Every structure is written in structure tokens, then in C-alpha cells.
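Q: give me coordinates for this.
(one chain, ligands or ions: 1)
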Amino acid sequence: MLRDFATRDQVAVRRLILGGLRERWGNSFDSSYNSDLADIASNYLARGAEVVVVEHEDEIVATGMLLQERGVRGRIVRVSVTPAKRRHGLAKMVVLELCERGRRRGYRAIDVLTDTPWVSAVALYRSCGFEELRSDGSDTHFVLNLGGSLPTVGVRPRNVRIRPPGAQP
Ligand SMILES: CC(C)(COP(=O)(O)OP(=O)(O)OC[C@H]1O[C@@H](n2cnc3c(N)ncnc32)[C@H](O)[C@@H]1OP(=O)(O)O)[C@@H](O)C(=O)NCCC(=O)NCCS
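A: Presented below is the predicted three-dimensional model:
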């Protein structure tokens, strides 16, 4: 079930995001660079960000955030999926939901920056219709212009209920 982040998710969401980063960076990972995650409600929600989670059998298995930039643009950050639930379409569902929320807010475009060697992340944003603006050995910058229509999720994630926007829990 995809839903908004709630304060009770704080510990699980922080763990999920830090776990994904630790996988990427290995021994050089330093969680002190991610102090923003110590209080997601204050550092993100209170600043107008959208934060969503996917909950499955009482576990937070995926998350992602949409920040507002310069009033008319959004930026997706902190997308992460627990290893056991990857390649089920969860990240794509999170990204497309955040894009739809950005569209409803009137954003003109959504930006994403990811590390070029992170093949799965680069492939994820391509699969969601993002356009590659520039890329070098370290960073790949994507943009999704919200003038056109969003790609649909081809396969519904297995064993995950999606709550329609606006529906009550
Ligand atoms: C990157 C990440 C979020 C992808 O999550 P996911 O739920 O497995 O992704 P999805 O199942 O939604 O994949 C959507 C599309 O992305 C691409 N993709 C995802 N993982 C991929 C991989 N390992 N290799 C190649 N393509 C991949 C595919 O095109 C996929 O569509 P398909 O399964 O129909 O082929 C996940 O691997 C993760 O959490 N990694 C650690 C944290 C991280 O890197 N976050 C991104 C920060 S920018």
C-alpha cells in the first residue's frame, strides 16, 4: 500500500534509506552526512516536501521524496527499496506517484540527480520517462517535463495494494 509518510515511520524509513546508501558506498559510507534523516517530519514535511512510503505486511519496503525548488520545479530524492522487494516495480510506483503529485502542485518539471555507476537508479529514471540532461563518470542529471503525460506502470507490483490518491486508509 502506497501512502504518505507518518511520524511512526521515522525509524524504518531512515533505516531503509541508509541501508541503500550503505550498499552503494560500502566501507566509505558515513551516516553522519545524512543527519537530515534524523527528523524527516521537520526537515522534509515541514518544508513542504511530499514523502511517500510503501507498506507491505507492516514493513516499510519502499520510500521516496519530492522537494519543491524555486516554486515551479520539483526534485526527487531519497528513493529506496528494500533488497528483498526489488524488481517488483515499487520504485517506479513511488517515482510516478511523486511525479503525479508534482503535476498536481503545478510544477513544470521534476529533476533528479543520481550517480552514473548506479545502473539500477539510472535505468529506473529512464523507465519513468525522464530525459537525460547530462552525464559524466560520476553524476547523471535527469529531468521530466510535466507538459506531457506520464508513462503508466506496466506491471502492477505483486502483493502490494495501491491506495488511490485521496482515499482514506
Ligand atoms: C534503484 C532502486 C530504487 C530500484 O528499485 P526497484 O523497486 O527494484 O525498481 P523497479 O522494480 O521499480 O524498477 C523499475 C525499472 O527500473 C529499471 N531497473 C531497476 N533495477 C534495475 C537493475 N538492477 N538493473 C537494471 N535495470 C533496473 C528497470 O527498467 C525496471 O523495470 P523492469 O523491472 O520492468 O525492467 C533500488 O535498487 C534501490 O533501492 N537501490 C539502493 C538505493 C538507491 O540506489 N536509490 C536510488 C537513489 S537515486
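Q: residue ranges with poor pLDDT in the chain?
A: Along the chain, segments meeting pLDDT under 70 span 148-169.
Q: how about the residues of it near the ligand?
A: Residues of the chain lying near the ligand by Cβ under 6 Å from any ligand atom: 20, 23-24, 79-81, 86-92, 114, 118-121, 123-124, 127. C-betas here are computed from N, CA, C, even on glycine.
Q: one more time with 5 Å
A: Taking Cβ under 5 Å from any ligand atom as the contact definition, the chain meets the ligand at 20, 79-81, 86-87, 89-92, 114, 120-121, 123-124, 127.
Q: list the beta-bridge partners for residue 139.
A: residue 115 (DSSP bridges).
Q: for residue 45, see how far away it is.
A: 27 Å (Cβ to Cβ, to the nearest Å).
Q: between those two, which one's more packed in?
A: residue 45 (17 against 11; other Cβ atoms under 10 Å).
Q: so how far is residue 4 from that one?
A: 9 Å.
Q: quick check: the gap between the closest residue to residue 133 other than its chain neighbours and residue 111.
A: Distances taken as Cβ to Cβ, 6 or more residues apart in numbering put residue 141 closest to residue 133, at 4.4 Å, once the chain neighbours are dropped. Residue 141 sits 7 Å away from residue 111, going by Cβ to Cβ.
Q: can you check residue 59 too?
A: 30 Å.
Q: the more surrounded of those two?
A: residue 111 (18 against 12).
Q: check which helix or strand that one maps to.
A: strand 109-115 (DSSP states H and E).
Q: relative to residue 47, how far out is the residue nearest to residue 133?
A: 22 Å.
Q: and those two? Which one has more around it.
A: residue 141 (17 against 9).
Q: make sure that one is actually in contact with residue 115.
A: No. Counting by Cβ atoms under 8 Å, residue 141 stays clear of residue 115, with 11.2 Å between them.
Q: that concludes my questions; thank you for your assistance.
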